[in-house]
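[1] coordinates only, sequence not included:
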């Protein structure tokens, strides 16, 4: 039964929509049920909640005006980019407004001399590279979803990618931000210069998952495209040898652009779908290494890595310099999740980090969990930085399957933290992992973060119920009691 | 005349000292006037203020207990490392306590496999490299003061150094921190893993100049020592050609370990003192480039840079692979400030940043300022990242000279900001530059930073009167009205 406040709300949404229309026009406010459907969840599709309204601004000023309406009327709101996030960072709560950046896709400035571009948040990750590649530059962070995910979303989740081993994740590539705070102020953080005086609020904002406001203009660092690139694929008879190879490469002082491992299940799933005919189907695991830099440097490191692979018993080594073959090798890796989806009706991607040195141990533990629960777990991961992506395969038609899979995901995360790792490598905490935060942080640590949040977000209206654990236990429905924290707020 | 509160304070300091003695022992509290003398200023010696007490803790717990006493008694306090800072970050205010980390110099853990070390804050920068160099590792950020400055101070000021062009400044090398907040709580920020979930409070803390608390345990990333290192020194007939060479090197895609420029005055000052016989005394400026990496890579890049130098009219090029000659070349650069001190009775080092592309213009403007005021300005700078260090030479026996020099420093900073640069590259804002912050930040931007400060430092007791502009105008004595903001606070 609706509470009195909720009834009031329902009656008032049309009226509220009109207020937003004065800011973004009629076409900038989505309010029809069927049109709102697409905004019910992000890439973590297991929880859904329809927002009350979706606002589509085009400028910083429109965002600020929309946020001010939310602030004045005490409406919880959250930003959303392309909606490809995997931790439920853009999962709506009941009676909330989504501010969606899909109409903010302009490149505002390209400054090749100073190696930076200024973009709006809705721009697709890959478009940034496309805009500067003709001049010999590229934007380094490359999530697997780079052809559909937005830069604003990348900033919210501090996204990684296969090339972040050498060049760092999103936060290392953001020089400055124009943001709208949850109270509707426009604030500039950072600037054109890498190290600005005062507090590093740019760094604080990147990865804050929409809880500190919304970025509306973003200054990104772009890099010079390397002279030479080489991809090397090596198959191994067992996972330990694969892990040892990764350790040996790093110990030798080489930092590849990217270094990925896929297990036998993933290799075969990928070959079934992509048919590269380059992935050895009989290998227990493959290691995919990309080298970039000067031609002499790439050649020398390729030779060294080949030797390291051979020393560790590699059964097959393929190298690719020419773009087509490199793309083919990468296609195998990038299609790994989709290929798992081809084999299993559903899959759940976990995202955890472990110290590289614990790889063999943790993979053994994951195998143990797989056997204990009787669920197949495929392993695909950014091996260079210890970022695991176990895929738990399941069928959601089986009663209780999803709940078990969530439990499995939790067990994997616990192991990651136990060995000195982390709950999340690049997907963020969102709504999905907040209940695990106490595994890594004590009460004082979490309180300190929440104090910082309260500075930007004193009413808690910006992306509530994310990052920080709430009394609700993990696995419980996401839709329970979600507006509880607004009980005290004035409801229009 | 002392106010009533101040008289009270004076009578009470002995009693207060006893409270600190219960935490750090009798030897851990410095209270004799003559012993306090050394703590009156940091490397910015132009302003001085004696602290009431100096506390010398040895552990995190002792720091926390000392800070709690300050919090309870409303005593302003500030952390101090080795006291080599150049922006007055460790300048005391009246009736304050200094918490000095000089007895906290332990290396707590060396983890070569994961390429990290855990240290106490008082450890000298260079000792970190010394501790791991035998195993083939080093700590990258290398301020010119690296043989005397502390890691804790480096963290407070987010220090740079000649090798930060390629590897980034301090913040890029800090994985985790244990801090004591201004209320005396012990909080862990970050950890062993580069990208931790939740807000990046580690990044926020680095560069916060003691206003958010004091770091007591620091996890640093160490790097593998490069296979090959080469230093190249090129003399040029004019500064424009030198600047153009820097731009051309970066445009070619090479990122040297470091890239420094010194002008003719500095070259001759250095040769007079260090007598390297390698710096061309007739050059208008020299460019010093360090290359590191694989041998093949270093050789190839050396050849390219030589060609770029020649194309830009270099009059003399010297290269050094062998350690002794490399050290000699670097000695010239690292002795530049001291050498200026040999020629002029006093000098004032400014620290500003400009976009690389504006180098020739800004150096012309600095020359104009030099002529307008009739003060000699020497130029030494981290050219790769546009970090200028103009040295204004003066004689403090001349009445008003220091005030004029401060004015000159201010004019230089204004130009840096005008061309899209920054007030500070690596020395911090401290007390010296806070009045210039409004040049770069509007009121909302500064307010946002101060809100963040208030979260950690609600009473404003931790390093007050730093970073943020106060009504006092620049150049006015630092000792005026400094405790004003504590008027409302309960004074023991």
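    Nice, thanks for sending it over. The structure presented is a predicted model; accordingly, all values stated were derived computationally and were not measured.
[2] Going by C-alpha atoms from here, please, whenever you check contacts or count neighbours.
    Noted.
[3] Okay, now the unreliable bits of the stretch 1-150 of chain A?
    A:1-11 (pLDDT under 70).
[4] mind listing the strands for it?
    A:29-30, A:53-55, A:77-80, A:97-100, A:107-111, A:116-119, A:137-138 (DSSP state E, counting those that start in this stretch).
[5] looking just at contacts, which helices and strands does the second one meet?
    It refers to strand A:53-55. In terms of contacts (3 or more C-alpha pairs under 8 Å, 6 or more residues apart in numbering or on different chains; DSSP states H and E), strand A:53-55 is packed against helix A:4-24, strand A:29-30, strand A:97-100.
[6] tell me the most buried of those?
    strand A:97-100 (a mean of 25; mean count of other C-alpha atoms under 10 Å in any protein chain shown).
[7] Give me the sheet partners of that one and which way each runs.
    Strand A:97-100 sits in its sheet next to strand A:53-55 (parallel), strand A:77-80 (parallel), going by DSSP bridges.
[8] Just say which of those is most tucked in.
    A comparison of these by mean neighbour count, using mean count of other C-alpha under 10 Å, puts strand A:77-80 on top with a mean of 29.
[9] can you list contacts of it?
    Defining contact as C-alpha atoms under 8 Å, 6 or more residues apart in numbering or on different chains, one finds that strand A:77-80 is touched by A:67, A:70, A:90, A:92, A:96-101, A:153, A:210-211, A:214, A:461-464.
[10] ok, 6 Å please
    Outside strand A:77-80, the residues that touch it by C-alpha atoms under 6 Å, 6 or more residues apart in numbering or on different chains are A:90, A:96-100, A:462-463.
[11] what's the answer for stretch A:163-180, then?
    So stretch A:163-180 is in contact with A:64, A:141, A:158-160, A:186-192, A:194, A:206, A:213-221, A:255, A:257-258, going by C-alpha under 6 Å, 6+ apart.
[12] Pop out the phi and psi values for the spatially most central residue of chain A.
    The centroid of chain A falls nearest to residue A:427 when counting by C-alpha atoms, centre = their mean (3.3 Å). The phi and psi values for residue A:427, taken as degrees, to the nearest 10, are phi -100, psi -10.
[13] What of residue A:114?
    Here is the backbone geometry of residue A:114 (degrees, to the nearest 10): phi -100, psi 10.
[14] Distance check, it against chain B.
    Counting by C-alpha to the nearest C-alpha, to the nearest Å, the gap from residue A:114 to chain B is 7 Å.
[15] same question, residue A:201
    7 Å.
[16] same thing with residue A:121?
    From residue A:121 across to chain B, the span is 20 Å (C-alpha to the nearest C-alpha).
[17] what's the burial count for the nearest residue to that residue once chain neighbours are set aside?
    Distance criterion C-alpha to C-alpha, 6 or more residues apart in numbering or on different chains; nearest residue to residue A:121, sequence neighbours excluded, is residue A:152 at 4.1 Å. Neighbour count of residue A:152, defined by other C-alpha atoms under 10 Å in any protein chain shown: 32.
[18] Make TSV from the strands of the stretch 1-150 of chain A and add distance to residue B:238 to it.
    Shown next, in TSV, are the strands of the stretch 1-150 of chain A (distance: least, C-alpha to C-alpha, whole Å):
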stretch	distance to residue B:238
strand A:29-30	60
strand A:53-55	57
strand A:77-80	52
strand A:97-100	53
strand A:107-111	27
strand A:116-119	29
strand A:137-138	31
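[19] Break chain A into its domains for me.
    Split into domains by the TED database, chain A comes to A:13-100, A:107-224, A:228-434.
[20] Give me whichever of those domains is most buried.
    Mean neighbours per residue, mean count of other C-alpha under 10 Å, is largest over the domains of chain A for domain A:107-224, with a mean of 23.
[21] Any idea how far apart the tips of that one sit?
    19 Å (C-alpha to C-alpha, to the nearest Å).
[22] and it, how far out from the chain's middle?
    Relative to its chain's centre, domain A:107-224 lies at 14 Å (C-alpha atoms, centre = their mean, to the nearest Å).
[23] what do you get for stretch A:262-273?
    23 Å.
[24] Give me the residues contacting it.
    A:281, A:284-286, A:332, A:336, A:339, A:379-380.
[25] Now intersect these with the helices, please.
    Using DSSP state H, the subset of those located in helices is A:332, A:336, A:339.
[26] Quick check: closest non-adjacent residue to the second one.
    It stands for residue A:336. residue A:270 (5.7 Å).
[27] Distance of the one you found relative to chain B?
    29 Å.
[28] now do residue A:196
    The spacing between residue A:196 and chain B, counted by C-alpha to the nearest C-alpha, is 6 Å.
[29] Quick check: bridge partners of the nearest residue to that residue once chain neighbours are set aside?
    In this structure, residue A:196 finds its nearest non-sequential neighbour in residue A:190, 6.0 Å apart by C-alpha to C-alpha, 6+ apart. In this entry, residue A:190 is beta-bridged to residue A:176, by DSSP bridges.
[30] dump the residue contacts of residue A:190.
    A:176, A:196, A:202.
[31] Thank you kindly, that will do.
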